[in-house]
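[1] heads up, no residue letters with this:
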């Protein structure tokens, strides 16, 4: 199912993740969020940007604990927990946020 | 919680056998594995299309499996339709779809078996309920054999001991060989081959994650508790689900194991080569893939020169480890024969508790009222310790040693009667969310009962799939996602390490601030 971004058609897999990770641009996240009836705030972008930085370094999404620690440092300790992340990304931070950030879906028993 | 396009069942005061509604789950079907995932497992691709000669290939595969596994043929021949299993499957209880009755699920496979492999079925198919193998039959298999979590509850009640799980594994093996593999399982097995674990967590990321955990452990306890990676010459190799590195509450359990190892004073290590306990080869009924996954553990053990192997909290991995590891990847003659090969982390911890080697402050768990979920593969397909039923008593003994408030759920829902969490057997994927939610009905009901009756606040499990499933699905039933805890997480709360400075006043002051 391709999505329309800035007049371009970008291919996604059956679960809505980018088929080619190199095709990501910020607009991709906005369009994907719109499909889920969500709107991206600055806080969402903090998470998405961190995911992308981490992925670039390690070729995988960060573990939940790594993510919550990083977000806690950036946005304050009260926000450094998975409850807060689930409020931001109700489908699950690992999965929904990864999708918007153009990362592959974390698989396995998670 | 995400929005849903199906009706979430209402939990009732008492378990009820649902009214039968034919075909109500016929639409449920997971994504088919694309060719790129199939080939990694030496299966043909097809991208969801029927390929030429599929029917002959499927029948040939069935014949091969019948010859290889006597049990399969016995299970197919011996059912007398007594009906004892009909109301025992959580997926039937949660959906009311009659094809989710274990006997009906078996019959999907049995009808084809009869047509091509029995005298009566070959010549008088209508008389014996034999059916031709058609594309529609395959589609139905694909749907309903992915509505079975291979939990084996039905087999406990079957007077002949027919194991639907084994039939479901055989069906998936046939499906894989005609290009209808399941994306979730097969993509993951491919990642194990390529990267070493289900998640696709590369060595460098794993090292970074473990380092972070060491920092957290030191922050919490003031003691340098290590989580070692690839340490040659360590005594113990810990093989644990990669979810333990990645997800919550799994990681809290891993930190608990680290504390136990530290306190025991043993040398241990995680391996980046075998950084996964799970073995999805079992879910898809593929002996070859199960073996290929299991061999990594042998390679890691030899390479690191360890003396013992201990498995972390993972249900089906423990079945593979306890029941099959020796035939899959043995002999283990190079390990220390004075210890169980392999050993479960709960067994290890339990022994230390018995020998009075661990110190706990149980009051640290006084805000919790705990109940324990027996994971299906641990409960019905393995054992623990040196006594029958050890897989039931050992985890509970540990919990009772580390917390003051423990209540079991109803007896017909625990021990060997336990209900599956709803996400086992390769169904823990978003494209099967409806069956996962509905399949949790009996477990959620029993849980709700102890919540109402005893004020239970938390549910503990020793399986990565169970933990993820509960975290994701409990909110559909109005319960909190963090209600589910790892067993070694509860232990981790209460354990006092040697030399650890415990200042409860400070802690109380901090909480108040």
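    Everything's here; your move. As the structure is a computational prediction, the values presented were derived from the model and not from experiment. Numbers count the residues shown, from 1 in each chain, chains lettered A, B, ... in the order given.

[2] pLDDT-wise, which helix or strand of chain A ranks last?
    helix A:82-88 (a mean of 90; mean pLDDT, DSSP states H and E).

[3] and for the closest residue to residue B:381 other than its chain neighbours, the neighbour number?
    Among residues not flanking residue B:381 along the chain, residue B:319 sits closest, at 4.1 Å (C-beta to C-beta, 6 or more residues apart in numbering or on different chains). All C-beta spots, glycine's among them, are computed from the backbone N, C-alpha and C. When neighbours are defined as other C-beta atoms under 10 Å in any protein chain shown, residue B:319 has 23 of them.

[4] rewinding a little: any part of the least confident helix or strand of chain A near chain B?
    Yes. Against chain B, helix A:82-88 shows contacts by C-beta under 8 Å from any C-beta of the partner chain at A:82-83, A:86.

[5] neighbour-wise, which one of those residues leads?
    That'd be residue A:82 among those, by other C-beta under 10 Å, with 21 neighbours.

[6] so that one makes contact with residue A:71?
    No. Counting by C-beta atoms under 8 Å, residue A:82 stays clear of residue A:71, with 9.8 Å between them.

[7] now do the residue in chain B positioned nearest to chain A: how many residues are near it, please.
    Nearest to chain A, among the residues of chain B, is residue B:198, at 3.1 Å (C-beta to the nearest C-beta). Counted with other C-beta under 10 Å, the neighbours of residue B:198 add up to 29.

[8] quick one: residues contacting it.
    Residues near residue B:198 by C-beta atoms under 8 Å, 6 or more residues apart in numbering or on different chains: A:107-109, B:188, B:191-192, B:241-243, B:276, B:278, B:280.

[9] switch the cut-off to 6 Å
    A:108, B:188, B:242, B:276, B:278 (C-beta atoms under 6 Å, 6 or more residues apart in numbering or on different chains).

[10] cool, residue B:191 as well?
    Residue B:191 touches residue B:200, counting by C-beta under 6 Å, 6+ apart.

[11] got it, and residue B:112?
    Here residue B:112 is in contact with residue B:133 (C-beta under 6 Å, 6+ apart).

[12] how close does it get to residue B:345?
    Counting by C-beta to C-beta, to the nearest Å, the gap from residue B:112 to residue B:345 is 42 Å.

[13] same check, this time on residue B:378
    Residue B:378 is 12 Å from residue B:345, by C-beta to C-beta.

[14] and what of residue B:261?
    From residue B:261 to residue B:345 the distance is 9 Å (C-beta to C-beta).

[15] and the stretch 101-250 of chain B, which of its residues are near chain A?
    With C-beta under 6 Å from any C-beta of the partner chain as the criterion, the stretch 101-250 of chain B meets chain A at residues B:188, B:198-199, B:201-202, B:204-205, B:209, B:212, B:241-243, B:245-248.

[16] contact residues of chain A facing chain B?
    Residues of chain A lying near chain B (C-beta under 6 Å from any C-beta): A:14, A:58-60, A:63-66, A:82, A:90-91, A:106-110.

[17] for the residue of chain A found nearest chain B, grab the count of nearby residues.
    Chain B sits closest to residue A:108 of chain A, with a gap of 3.1 Å, by C-beta to the nearest C-beta. A count of nearby residues for residue A:108, using other C-beta under 10 Å, gives 26.

[18] roughly how far does it sit from residue B:125?
    On the measure of C-beta to C-beta, residue A:108 and residue B:125 end up 43 Å apart.

[19] before we move on, what about residue A:18?
    49 Å.

[20] between the two, which one's more packed in?
    Taking other C-beta under 10 Å, residue A:18 and residue B:125 do not tie; residue A:18 has more neighbours (21 against 17).

[21] show the backbone phi and psi for the more buried one.
    phi -60, psi 140 (degrees, to the nearest 10).

[22] verify the stated contact: residue B:89 with residue B:104.
    No. Between residue B:89 and residue B:104 there is no contact under C-beta atoms under 6 Å: 9.5 Å.

[23] if you count what's nearby, which of these two comes out ahead?
    Per other C-beta under 10 Å, whichever of residue B:89 and residue B:104 has more neighbours is residue B:89, with 27 against 18.

[24] confidence score at the more buried one?
    On the pLDDT scale, residue B:89 is placed at 98.

[25] which residues touch it?
    Neighbours of residue B:89 in contact, by C-beta under 6 Å, 6+ apart: B:100, B:102, B:154.

[26] ok, the residue lying closest to residue A:14 once chain neighbours are set aside - contacts?
    Using C-beta to C-beta, 6+ apart and skipping the chain neighbours, the partner closest in space to residue A:14 is residue B:31 (5.2 Å). Counting by C-beta under 6 Å, 6+ apart, residue B:31 touches A:14, B:183, B:431.

[27] in a strand, the first one, correct?
    Okay, so that is residue A:14. No. Checked against DSSP: H, G, I helix; E, B strand; the rest coil, residue A:14 lies outside a strand; its state is coil.

[28] who touches residue B:249 in this structure?
    With C-beta under 6 Å, 6+ apart, residue B:249 has these contacts: B:467, B:485-486, B:489.

[29] revised request: answer the last question for residue B:259.
    B:225, B:492, B:495.

[30] using the record's domain definitions, break the chain down for me.
    Unless you meant another one, I'm taking chain A. A:3-35, A:42-100 (automatic domain parsing).

[31] can you look at chain B instead?
    B:35-188, B:195-407+B:456-494.

[32] in a markdown table, list these along with distance to residue B:425.
    Formatted as a markdown table, these follow (distance: least, C-beta to C-beta, whole Å):
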| stretch | distance to residue B:425 |
| --- | --- |
| domain B:35-188 | 4 |
| domain B:195-407+B:456-494 | 5 |
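
[33] remind me, longest helix of chain A?
    Taking DSSP state H as the criterion, chain A has its longest helix at helix A:42-58.

[34] hmm, back to that, can you pick the most crowded of the contacts of residue B:89?
    residue B:102 (29 neighbours).

[35] was I right about it contacting residue B:162?
    No. Contact criterion C-beta under 6 Å: residue B:102 and residue B:162 do not qualify, at 7.9 Å.

[36] which residues are in contact with residue A:100?
    Here residue A:100 is in contact with A:29, A:32, A:48 (C-beta under 6 Å, 6+ apart).

[37] quick one, which of these are buried?
    A:29, A:32, A:48 (16 or more other C-beta atoms under 10 Å in any protein chain shown).

[38] helix, strand or coil: sort out the first one for me.
    Which is residue A:29. Classified using three-state DSSP, residue A:29 is helix.

[39] any idea how far it is from residue B:206?
    From residue A:29 to residue B:206 the distance is 27 Å (C-beta to C-beta).

[40] then the second one?
    For residue A:32, the distance to residue B:206 (C-beta to C-beta) stands at 28 Å.

[41] give me the neighbour count for the spatially closest residue to residue A:46 that is not a sequence neighbour.
    Among residues not flanking residue A:46 along the chain, residue A:74 sits closest, at 5.7 Å (C-beta to C-beta, 6+ apart). Neighbours of residue A:74 under the rule other C-beta under 10 Å: 14.

[42] how many neighbours does residue 24 have?
    You didn't pick a chain, so chain A it is. 18.

[43] chain B is the one I meant
    16.

[44] check contacts around it.
    Listed by C-beta under 6 Å, 6+ apart, the contact set of residue B:24 reads B:95-97.

[45] between the residues you listed, which is nearest residue B:306?
    Nearest to residue B:306, judged by C-beta to C-beta, of those is residue B:95 at 45.3 Å.

[46] thought the closest one was touching residue B:439?
    No. Applying C-beta under 6 Å as the test, residue B:95 and residue B:439 come out as separate, 7.7 Å apart.

[47] neighbour count for these two, which is higher?
    More crowded of residue B:95 and residue B:439, by other C-beta under 10 Å: residue B:439, with 33 against 24.

[48] surely the more buried one touches residue B:422?
    Yes. Using C-beta under 6 Å, residue B:439 is in contact with residue B:422, at 3.4 Å.
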